[in-house]
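Engineer: Structure of the sequence below:
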Amino acid sequence: MTLVDEIRRLRKQKKAILLAHNYQRPEIQDIADYVGDSIGLCRRAMEEKDAKIIIFSAVDFMAESAAILNPDKKVFIPSLGARCPMAHMLPAEDVRLWKKKHPGEPVVLYVNTLAESKAECDVCCTSANAVKVVNSLDADTVIFGPDNNLAWNVQQKTGKKIISIPKDGFCPTHLLFQEEEILFLKEEYPDAVVAVHPECTPEVQSIADFVGSTSQICEYARESSAKKYLIGTEVGIIHRLEKENPDKIFIPAYDGAVCTNMKLNTLKRIYLSLKEERYPVTVPDSVARKARKALERMVAIPK
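Structural biologist: Numbering: from 1, shown residues only. From the prediction side, this is the model:
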């Protein structure tokens, strides 16, 4: 019996589901029950009423969110090393400090934060719904973190004053995309459209034909009549794009844009996570209660 067969057998035996982010290895995406972006994964975890176990093949903050939203399920992460650098750039004490500096202003935190920081905010958001979340607030000024580039994107699209916390929060992978390199690729592929993630720098976003979350990029590729695309996000998404659009060509805007933390999850680690129920994800009740309110408010906003 192959490793994939063993994973499927254990998944059925233990009433488990495997959720995988768009940046996961191709072989993981191919056997997952669901592949998607942060908010899609959150919603799917909540919809799986019969599941007893969630194997969350992504990074720490995503698995934490699943545990917070599904207190009746066991949540496991295949690799303890799968940590999001950005999520660790905004500790809870810093959020409290900024709230003191700007009393009364609503706090919106990207899901790319740890649970204790989420517990300090009013509502969470993802890159897919950040603009909707900020527009839903009856406020002209919003404290927003931890990604400074997403904060810039939200400010452009909402016209509100965005106080970005911390001042230099960023995704190390998306910072690798450079304006001059994309313009060079455009000369090589003049008929290609450019689709990038809002975690890219403002300079990169400004030259793109489309800016959106991973799932929004997938939707754009499905609906667009273009046949060739330069993709400005982690290269793992190329596998899904090619599967869903076999008649189209997808070129990484930088082929070195690999999130090594995301790639720590492997079939072997998923198998061991299922078999031994190792690396459970738990959040203290006092933190989970507060963070759950912010996450549920996010999920409740229409797609």
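Engineer: As a check, name the ranges of all strands in the stretch 101-250 of the chain.
Structural biologist: In the stretch 101-250 of the chain, the strands defined using DSSP state E, counting those that start in this stretch lie at 107-110, 123-125, 141-145, 161-164, 193-196, 210-211, 228-232, 249-252.
Engineer: So what are the sheet partners of the fifth one and their directions?
Structural biologist: Read that as strand 193-196. Here strand 193-196 has these sheet partners by DSSP bridges: strand 210-211 (parallel), strand 228-232 (parallel).
Engineer: so which of those gets nearest residue 54?
Structural biologist: Of all the strands paired with strand 193-196, it is strand 228-232 that lies closest to residue 54, at 28.3 Å by Cβ to Cβ. From N, CA and C alone the C-beta is placed, and that goes for glycine too.
Engineer: what does the closest one contact?
Structural biologist: Contact with strand 228-232 is made by 174, 177, 182, 185-186, 189, 191-197, 200, 204, 208, 217, 221, 237-238, 241, 248-254, 257, as judged by Cβ atoms under 8 Å, 6 or more residues apart in numbering.
Engineer: same thing but at 6 Å, please
Structural biologist: Contact partners of strand 228-232, identified using Cβ atoms under 6 Å, 6 or more residues apart in numbering, comprise 177, 185, 189, 191-196, 200, 249-253.
Engineer: one step back: comparing the strands paired with strand 193-196, which comes out most buried?
Structural biologist: Among these, ranked by average contacts under mean count of other Cβ atoms under 10 Å, first place goes to strand 228-232 (a mean of 23).
Engineer: How far does that strand sit from its chain's centre?
Structural biologist: Its chain's average C-alpha position is 19 Å from that of strand 228-232, according to Cα atoms, centre = their mean, to the nearest Å.
Engineer: do stretch 164-179 as well
Structural biologist: Distance, stretch centre to chain centre, for stretch 164-179: 14 Å (Cα atoms, centre = their mean).
Engineer: Please name the residues that touch residue 240.
Structural biologist: Counting by Cβ under 6 Å, 6+ apart, residue 240 touches residue 22.
Engineer: Can you give me the distance of it to residue 267?
Structural biologist: Counting by Cβ to Cβ, to the nearest Å, the separation of residue 240 from residue 267 is 17 Å.
Engineer: again, but for residue 17
Structural biologist: With distances taken as Cβ to Cβ, residue 17 is found 16 Å from residue 267.
Engineer: So which residue is smack in the middle of the chain?
Structural biologist: residue 38 (4.0 Å; Cα atoms, centre = their mean).
Engineer: The spatially closest residue to that residue that is not a sequence neighbour: what's it in contact with?
Structural biologist: Excluding the flanking residues, the one nearest residue 38 by Cβ to Cβ, 6 or more residues apart in numbering is residue 126, at 4.4 Å. Contact analysis of residue 126 by Cβ under 6 Å, 6+ apart lists 38-39, 111.
Engineer: same check, this time on residue 82
Structural biologist: Contacts of residue 82 (Cβ under 6 Å, 6+ apart): 59, 261, 264-265.
Engineer: Check whether it sits in a helix, strand or coil.
Structural biologist: coil (DSSP: H, G, I helix; E, B strand; the rest coil).
Engineer: same question, residue 18
Structural biologist: Under three-state DSSP, residue 18 comes out as strand.
Engineer: my read: it touches residue 55, true?
Structural biologist: Yes. Shown here, residue 18 and residue 55 form a contact pair, counting by Cβ atoms under 6 Å, at 4.8 Å.
Engineer: which of the two has more neighbours?
Structural biologist: The neighbour count for residue 18 versus residue 55, taken as other Cβ atoms under 10 Å, is higher for residue 55 (31 against 23).
Engineer: Please compute how far the strand or helix carrying the more buried one lies from its chain's middle.
Structural biologist: Residue 55 belongs to strand 53-57 when assigned by DSSP states H and E. Computed by Cα atoms, centre = their mean, the chain-centroid distance of strand 53-57 equals 15 Å.
Engineer: what do you get for stretch 253-268?
Structural biologist: Centroid separation between stretch 253-268 and its chain, computed with Cα atoms, centre = their mean, is 14 Å.
Engineer: pLDDT weak spots in the protein?
Structural biologist: For the chain, the stretches flagged by pLDDT under 70 are 303.
Engineer: got the residue ranges for the helices in it?
Structural biologist: For the chain, applying DSSP state H gives helices covering 3-13, 26-31, 38-47, 60-69, 92-101, 115-118, 130-135, 148-158, 179-188, 202-206, 214-223, 237-244, 267-276, 285-300.
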